[in-house]
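Q: No letters, just coordinates:
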């Protein structure tokens, strides 16, 4: 994972890299979450920090529907220009 200004790159399990723009970041109960969008800004994803290895944070998609809903509400409240629809 490599950080650029408001852009982040992820390396998938198969070794390919995917770039996302970071729209926001929150920490809830000591767990970090980021809201990212793809390069076309058509899809947004909420990612959860699961661990840190060699100084790099490891994220995974939030898949639990209750957790996803709760975190999306936090992002809507903290970011003025974000309207998350599921």
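A: Received the coordinates, thanks. If you're wondering where the values come from, they're calculated on a predicted model, not measured in any experiment.
Q: Residue 69 falls within a helix, correct?
A: Yes. Residue 69: assigned to a helix according to DSSP: H, G, I helix; E, B strand; the rest coil.
Q: how far away is it from residue 47?
A: Between residue 69 and residue 47 the computed distance is 15 Å (Cβ to Cβ, to the nearest Å). Where you see a C-beta, it was placed from the backbone N, CA and C, and this is true even at glycine.
Q: Show me which strand runs longest in the protein.
A: strand 17-28 (DSSP state E).
Q: Compare neighbour counts for residue 69 and residue 47 and give me the winner.
A: Shown here are residue 69 and residue 47; by other Cβ atoms under 10 Å, residue 47 has more neighbours (22 against 13).
Q: Secondary structure of residue 42: a strand, I assume?
A: No. Secondary structure of residue 42 (three-state DSSP): coil, not part of a strand.
Q: Just give me the neighbour total for it.
A: Per other Cβ under 10 Å, the neighbour tally for residue 42 reads 7.
Q: pLDDT wise, what is it at?
A: pLDDT, residue 42: 75.
Q: OK, contacts around the residue lying closest to residue 18 once chain neighbours are set aside?
A: Distances taken as Cβ to Cβ, 6 or more residues apart in numbering place residue 10 nearest to residue 18, at 5.0 Å, with adjacent residues excluded. Residue 10 makes contact with 1, 17, 18, 19, 20, 59, according to Cβ atoms under 8 Å, 6 or more residues apart in numbering.
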